[in-house]
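Q: with the sequence up front, the predicted model follows.
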Amino acid sequence: MRGGTGSVAVVGGSIAGCAFASAAARAGAGEVVVLERTRGRLADRGVGLCVHDDRAAELTASGALPAGIPAHPLARRRWVVRDPEAGAAGRVIWEQPFPFHSYHWGLLWRGLREATPDAVVYRQGETVTGVAQAAGGAEVRLAGGTVERYDLAVGADGYRSVVREAVCPGSRPHYAGYVCWRGHFDARRLDSLPGGAADWPADAVSTVCFPGGSCVVYRIPGGPDGGLRVNWVLYAVPPPAAGLRLDDPTSFPPGTVSAELAAHLAELLEREFPPYWGRVLGLTDPEHVYVQPIYDLETTRTAAGRCLLAGDAASVVRPHNTSGAAKALQDASSFEAAWRGAGSWEELLRGYQEARGAAGRELVALARRLGRAQVERTPDWGAMGHGEAQVWWQGQLAGAADIGGQALAP
């Protein structure tokens, strides 16, 4: 399409939103407006995340991942079980390569936001209540009742997307039947434990395995004075006594975790974790612990009319796949490529759908397999050795090359 023409509204201003705004501006949109509902600094959603090294290289080359954003190198993943005979840190049943870099959500978002071209208008405090198809464009309705018209509306508004209704009416994320507890703390606190960081190299991810769940622990940037933080994600079924209503997509931010959930977590750590790893998670301040119910959704399409979906708005993938940030940035990269190769809006949306529709569905399917294997139907972890664990893992991948997302189509 011709440069300097076309108006684009990006609903949502986090990672996917910033990436799409930059992509639209680079591709030649005449007007790009980001509509972000929060005011001030965005919350650090999830705090820690990882990007596969191969995905990062592709995204840097395409311009979707700006250079210079702090990242911590990871190289191996250790699967650990409780074993009194092995000592406080438990027994490593398998160590596998893990070619990823970890990021702090806030630092990644800041890097993407700072890289957004000056021509992009980033409006905060703008809540979008609905988006509708219109002749030759899309209408965006704001909370105050104002309706704005654009040539294209991009839904980068996450798993509770309001734009999704204009593309796939009636599509809603479904609760997977379990939650994750998340937390983080200054890595220097490890020094207060007996043995300090124990046998936990800085480039290693530790996955603590127990009946009915698993917990991933790794270091990320974002500590004081350029240091590191410890980030952890624990997956398990919540206690029935918690009385949670999880049919509608929701989360429990820091400071809102109930006493029942906090007590359940403490009991789980005491009963199932190797003592060292239970103490590691115990270093987390209560105000830095929150609970995120796990949902997923595969949409039948990612574009329709003059609307398209990006990131979690397009497909909600369980976090086991370690692909969320990479997928959002790949969506933006494919969008930019589709724009440059299109002669019309229809060609743009068709090209984006062809590039990203199947990719999202495949990520959802893989993450469901991983969720079943690591939470819903866990194996007898303690009976597994290196060989058994490797066969088990390949069975979950079911032909996929790795977790972390797929290579961008050439």
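A: Thanks, I have it. Numbering: from 1, shown residues only.

Q: buried residues in the longest helix along the chain?
A: Longest helix in the chain, counting residues (DSSP state H): helix 345-371. Across helix 345-371, burial judged by 16 or more other Cβ atoms under 10 Å covers 345, 348-349, 351-353, 355-357, 359-371. The C-beta positions use only the backbone N, C-alpha and C, and glycine is treated the same way.

Q: repeat for stretch 218-229
A: Across stretch 218-229, burial judged by 16+ other Cβ under 10 Å covers 218-223, 228-229.

Q: try stretch 61-68
A: By neighbour count on 16+ other Cβ under 10 Å, the buried set for stretch 61-68 is 62-66.

Q: of all the residues you listed, which comes closest to residue 167?
A: residue 64 (21.9 Å; Cβ to Cβ).

Q: what about that closest one, which SS state?
A: coil (DSSP: H, G, I helix; E, B strand; the rest coil).

Q: which ones are touching it?
A: Going by Cβ atoms under 8 Å, 6 or more residues apart in numbering, residue 64 touches 19, 22-23, 329-330, 332-333, 336.

Q: how about a cut-off of 10 Å?
A: With contacts defined as Cβ atoms under 10 Å, 6 or more residues apart in numbering, the neighbours of residue 64 are 19-20, 22-23, 26, 56, 58, 112, 115, 326, 328-336, 408.

Q: before we move on, back to that, next SSE after the longest helix of the chain?
A: Remark: after helix 345-371, the chain's next helix or strand is helix 386-397, criterion DSSP states H and E.

Q: show me what that next one is packed up against.
A: Judged by 3 or more Cβ pairs under 10 Å, 6 or more residues apart in numbering; DSSP states H and E, helix 386-397 is in contact with strand 72-81, strand 91-104, helix 345-371.

Q: which elements pack onto the strand or helix carrying residue 129?
A: Residue 129 belongs to strand 128-134 when assigned by DSSP H and E. Contact here means 3+ Cβ pairs under 10 Å, 6+ apart; on that basis strand 128-134 packs against strand 5-11, strand 137-142, strand 147-150, strand 152-155, helix 164-167, strand 307-309.

Q: ok, and the closest non-adjacent residue to residue 13?
A: Setting aside the residues directly before and after it, residue 13 is nearest to residue 36 in space (Cβ to Cβ, 6 or more residues apart in numbering), at 3.1 Å.

Q: show me what the one you found is bridged to.
A: Judged by DSSP bridges, the bridge partners of residue 36 are residue 124.
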